[in-house]
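Peer 1: The following block contains a protein sequence and its predicted model.
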Amino acid sequence: MNDKTEAIKTKVNSPSPSKRELEIEVSAEEVSKEWEKVLLDYSSRTRLDGFRRGKAPKEMVKRLFYPDIKEAVIENLAPRALRESLRTENITPVGTPVISEAAFQEGQPFRFKAVIEVLPGFEIPPYKKIRVKKREVKVGEEDVGRSLEELRQKSAEYVPVEGRGVAEGDYVVIEWKGRDLKTKRMLPTEKVLVLAGHPDNEKALNESLKGITPGETRMFVISYPQEHAQKKMAGRTIEYEIGVVSIKEKKVPELGDEWAKDLGEYEDLAALKKRVRQELEKASQEAARREMGDEVVKGLVDKLQLELPESLVEEEAVSILRGWAAQLPADLPAGQVEELREKAKVQAQQSLRTSLLLQRIASQEKLAVGDEEIEEEIKAMAIRNNVPLAQLIEKVTQEGKREDIRSRLVLRKAIDFLLDNAVLY
């Protein structure tokens, strides 16, 4: 052992697979060295009456600042001794170590305890030749028809309407202003785009829009209930006046060869249908493969004997809750908040167990991801999210996300490996 290691003695207890308790002792010699170092620092910075700065007697400085010097010695020694103990015992902590029972007396060894959470070792269940039921991939005419109709709707044009009033399904730009009938206060005048007849509109608005022409105005009253979603309108009775600025009608192209040609890639409707079917089959195959992969992984995770560190689960659960927060109302009842916390904790445990299992399989099978694969994934992400590639590359670089992408691709490779080695029936 070197002198530094001899100066620190460590006893390790394992109360659970994910926890280590360290009893650490720093030799009296090391304590004295640190004490003298801190005392010298205080002496050099202290100005006492009758003495020049740095010339005050050490014993006098010690008497005046004893509690502060003692605290500084402990704060210096404990982290340093803990780091050395972890290195010597080859322990990698998860989360922040908790230090307790610090016993310090000048001239004596310094003793304290530290509780460390660790990732426990675990046995991987047999993961080759797993039986999994093959999913059938079926794409029917109805599926193709629905996709073609979606394409038609996306190809629609909105043309100005002349010679008639508003009809259901029209897109109408209206100018409306309101007056609170109780307070007589006017609401700000607004220009808004409305889809006439849409079920989310107020019923009175849809009724008033029927047949109205540009330049014409109509009035109606809405009494908002106390529980209305828009709190600023709840319980108020508003008289509205609306006027039509413009009307546009949605024109959907006919399902035929001309429309298919207008899309720019197809000779006729038959060629478009063929491409749509191919894309649907590809998406269906990918979905089926994901479903089979989820089944294989869940089966392995359910067999996994692994106790997770509490701090790791808590950190992952907090991350999950943050992801949900944007979709939740601000005034969620306390009971539901607690229910969500428990749900997030369960999801965090499942997510961590899955990730650790797949990482171990990837390591055992030497599955790796190269830089070229990361570049391809970033390109695919840019396309999926309709973001300029250069902008996404800059963001990934600035936020240090390349290794996150690498980790995600490694896990994906591990799932592919499991499926490639599974027995489909």
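Peer 2: Thanks, I have the structure now. These numbers were taken from a predicted model, which means no experiment stands behind them.
Peer 1: Quick check: which element contains residue 207?
Peer 2: helix 203-209 (DSSP states H and E).
Peer 1: Show me which parts of that helix are buried, residue by residue.
Peer 2: By neighbour count on 16 or more other Cβ atoms under 10 Å, the buried set for helix 203-209 is 205, 206, 208, 209. Every residue, glycine included, has its C-beta placed from N, CA and C.
Peer 1: so what's residue 297 up against?
Peer 2: Going by Cβ atoms under 8 Å, 6 or more residues apart in numbering, residue 297 touches 354, 357, 358, 415, 418.
Peer 1: And the buried residues of helix 203-209, which two are furthest apart?
Peer 2: 206 and 208 (7.4 Å; Cβ to Cβ).
Peer 1: Need the contacts of residue 297 in CSV (columns: pLDDT and neighbour count).
Peer 2: Compiled in CSV, those are given as follows (pLDDT from 0 to 100; neighbours: other Cβ atoms under 10 Å):
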residue, pLDDT, neighbour count
354, 95, 19
357, 95, 23
358, 96, 24
415, 96, 20
418, 96, 23
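Peer 1: Filter the residues you listed down to the ones in helices?
Peer 2: 354, 357, 358, 415, 418 (DSSP state H).
Peer 1: Just the closest of these to residue 252, please.
Peer 2: Distance to residue 252 across the ones in helices among the contacts of residue 297 (Cβ to Cβ) is lowest for residue 415, with 41.0 Å.
Peer 1: The closest one against residue 358, yeah?
Peer 2: Yes - between residue 415 and residue 358 a contact is recorded at 6.8 Å, counting by Cβ atoms under 8 Å.
Peer 1: Which strand residues bridge residue 116?
Peer 2: For residue 116, the beta-bridge partners are residue 20 (DSSP bridges).
Peer 1: From residue 96, how far off is it?
Peer 2: 9 Å (Cβ to Cβ, to the nearest Å).
Peer 1: between the two, who's got more neighbours?
Peer 2: Taking neighbours as other Cβ atoms under 10 Å, residue 116 and residue 96 compare with residue 116 leading, 23 against 9.
Peer 1: Contacts only, for that one.
Peer 2: With the criterion set at Cβ under 8 Å, 6+ apart, residue 116 makes contact with 19, 20, 21, 22, 86, 91, 93, 94, 97.
Peer 1: how about a cut-off of 7 Å?
Peer 2: 20, 22, 91, 93, 97 (Cβ atoms under 7 Å, 6 or more residues apart in numbering).
Peer 1: Could you tell me the per-residue confidence at the third one?
Peer 2: It refers to residue 91. Looking at residue 91, its pLDDT is 92.
Peer 1: hang on, residue 186 packs against residue 238?
Peer 2: No - when contacts are counted by Cβ atoms under 7 Å, residue 186 is not listed as touching residue 238 (10.2 Å).
Peer 1: Identify the contacts common to those two.
Peer 2: Jointly contacting residue 186 and residue 238 under the rule Cβ under 7 Å, 6+ apart are residue 179.
Peer 1: pLDDT below threshold where in the stretch 151-300 of the chain?
Peer 2: Counting by pLDDT under 70, the stretch 151-300 of the chain contains no low-confidence range.
Peer 1: longest strand in this structure, by residue count?
Peer 2: Of all the elements of type strand in the chain, the one with the most residues (DSSP state E) is strand 237-251.
Peer 1: Neighbouring strands of it in the sheet, and parallel or not?
Peer 2: Strand pairing (DSSP bridges) places strand 237-251 next to strand 157-160 (antiparallel), strand 171-180 (antiparallel), strand 217-223 (antiparallel).
Peer 1: In it, which residues are buried?
Peer 2: Applying a neighbour-count criterion of 16+ other Cβ under 10 Å, one finds 238, 240, 242, 243, 244, 247, 249 buried in strand 237-251.
Peer 1: do stretch 67-85 as well
Peer 2: 69, 70, 72, 73, 74, 77, 78, 81, 82, 84, 85.
Peer 1: Out of these, which two are the most distant from each other?
Peer 2: 69 and 85 (24.1 Å).
Peer 1: re earlier: I'd like to know which of the contacts of residue 116 is nearest to residue 213.
Peer 2: Out of these, the member with the shortest distance to residue 213 (by Cβ to Cβ) is residue 93, at 73.9 Å.
Peer 1: For that closest one, give its distance to residue 116.
Peer 2: Distance, residue 93 to residue 116, by Cβ to Cβ: 5 Å.
Peer 1: can you list the contacts of residue 297 in a markdown table and add distance to residue 145?
Peer 2: Formatted as a markdown table, the contacts of residue 297 follow (distance: Cβ to Cβ, whole Å):
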| residue | distance to residue 145 |
| --- | --- |
| 354 | 38 |
| 357 | 42 |
| 358 | 39 |
| 415 | 33 |
| 418 | 36 |
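Peer 1: and the two most separated of those?
Peer 2: Taking Cβ to Cβ as the measure, these span a maximum distance of 11.7 Å, between 354 and 418.
Peer 1: Any chance of the strands paired with strand 237-251 in a markdown table with mean neighbour count as columns?
Peer 2: As requested, the strands paired with strand 237-251 are arranged in a markdown table below (neighbours: other Cβ atoms under 10 Å):
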| stretch | mean neighbour count |
| --- | --- |
| strand 157-160 | 10 |
| strand 171-180 | 18 |
| strand 217-223 | 14 |
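Peer 1: Any chance of JSON lines for those strands, columns distance to residue 47?
Peer 2: JSON lines is the format used below for these (distance: least, Cβ to Cβ, whole Å):
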{"stretch": "strand 157-160", "distance to residue 47": "81"}
{"stretch": "strand 171-180", "distance to residue 47": "71"}
{"stretch": "strand 217-223", "distance to residue 47": "76"}
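Peer 1: Quick check on the residue most central in space within the chain: phi, psi?
Peer 2: Taking Cα atoms, centre = their mean, the centroid of the chain lies closest to residue 323, which sits 4.8 Å from it. Torsion angles at residue 323 (phi, psi; degrees, to the nearest 10) stand at phi -70, psi -30.
Peer 1: I'd like the distance between it and residue 291.
Peer 2: For residue 323 relative to residue 291 (Cβ to Cβ), the value is 23 Å.
Peer 1: so residue 24, which of the three states?
Peer 2: strand (DSSP: H, G, I helix; E, B strand; the rest coil).
Peer 1: Around it, count how many other residues there are.
Peer 2: 24.
Peer 1: Residues contacting the helix or strand hosting residue 143, please?
Peer 2: Per DSSP H and E, residue 143 falls inside helix 141-154. Residues outside helix 141-154 that contact it (Cβ under 7 Å, 6+ apart): 252, 253, 255, 273, 276, 277, 280.
Peer 1: That's all I had, so thanks and see you.
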